[in-house]
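Undergrad: sequence and predicted structure below; questions after.
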Amino acid sequence: MHYGRAGAAVPGIRTPGRASFIVDFFMTGMPGWSSEVAPVIPVITIVGWSGSGKTTLIEKLIPELRNRGYRVATVKHQGGAFEMDREGKDTWRHRRAGAVCTVISSPSGLALVRDMDRDASLDEIRERFIHDADIILGEGFKKEGWPKIEVFRDGPNPEPIFARSDDLVAMVSDRSRETKAPCLGLEDVKGLADLIEDRFFPGSKRH
C-alpha cells in the first residue's frame with residue numbers, strides 16, 4: 001500500500017547527488033518541514049480519459065479541502081516533454097548553457113527544474129519534494145497503484161477505466177454508473193471531500 005496514515009514517520013530526504021542536494025538545502029528551510037523525519041502524506045489520484053474534466057475537478061476540490069483546513073499539494077503527470085521556462089529568461093539561459101538543475105527563488109515562491117533520465121514515480125516525488133501538505137492530489141499516474149477518483153462522462157469513450165478496480169475510491173460522473181465505489185455527480189464536490197476525509201482522516205473531520 002503506497003499511502004500512509006498521517007503522522008507515521010518515514011526517513012528524511014536522501015541526498016545522492018549534487019542536484020538533489022540543492023533541492024534538499026532549500027526544502028529544509030520550508031515552513032513545516034523537519035530535517036529529521038516527515039509524516040507520510042496521503043495520496044489520491046484523479047484519473048480518467050483525456051478531456052474528461054480531471055483538472056476542472058481538482059480546481060473545485062482544492063478550495064473545498066482548503067476551507068476545511070487541509071493543506072493541499074498537487075502533482076501533474078505529463079506524458080511527454082514539457083517546457084516551463086520562456087526563451088530568453090535567465091533560468092532558460094542557465095539550462096541552455098548546460099545546467100542539469102535550475103532553481104529560481106523569491107520571497108513569495110520557489111521553483112525547480114531538473115533533467116530526468118526516467119519518469120519519476122509519485123512516491124519518489126512525494127518523498128523528495130513535498131513535506132508541508134496534508135494531502136496530495138495527483139492528476140494522472142493511472143498506471144500506479146494509488147487510491148483513485150475517476151472522472152467519466154458520456155462521450156467518445158465507451159466506459160470508465162477503473163469501474164471495477166479495487167483502487168477506485170469514487171467515480172465522478174454525469175450520471176449514475178455501476179462501479180465498485182460510490183458514484184458522485186460532477187458538482188458534488190462537498191460529497192467528494194466528505195469521502196476523502198472519511199478515507200484518509202477518520203475521526204478528525206474539520207468541517
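TA: Okay, I see it.
Undergrad: quick one: pLDDT of residue 176?
TA: Note on residue 176: pLDDT of 89.
Undergrad: likewise the one 3 residues further on?
TA: Among the per-residue scores, residue 179 holds a pLDDT of 88.
Undergrad: quick one: contacts for residue 66?
TA: residue 72 (CB atoms under 8 Å, 6 or more residues apart in numbering). The way it works is simple: take the backbone N, C-alpha and C, and place the C-beta from them, glycine included.
Undergrad: for it, what are phi and psi?
TA: phi -60, psi -40 (degrees, to the nearest 10).
Undergrad: show the backbone phi and psi for the residue lying farthest from the centre of the chain.
TA: Most distant residue from the mean C-alpha position of the chain: residue 97, 30.8 Å away (CA atoms, centre = their mean). Here is the backbone geometry of residue 97 (degrees, to the nearest 10): phi -80, psi -10.
Undergrad: what about it, distance to residue 108?
TA: When distance is defined by CB to CB, to the nearest Å, residue 97 is 26 Å away from residue 108.
Undergrad: what of residue 172?
TA: Distance from residue 172 to residue 108, by CB to CB: 33 Å.
Undergrad: again, but for residue 43
TA: Applying CB to CB to residue 43 and residue 108 gives a distance of 26 Å.
Undergrad: quick one, which of the two is more surrounded?
TA: A count of neighbours by other CB atoms under 10 Å puts residue 43 above the other of residue 43 and residue 108, at 24 against 5.
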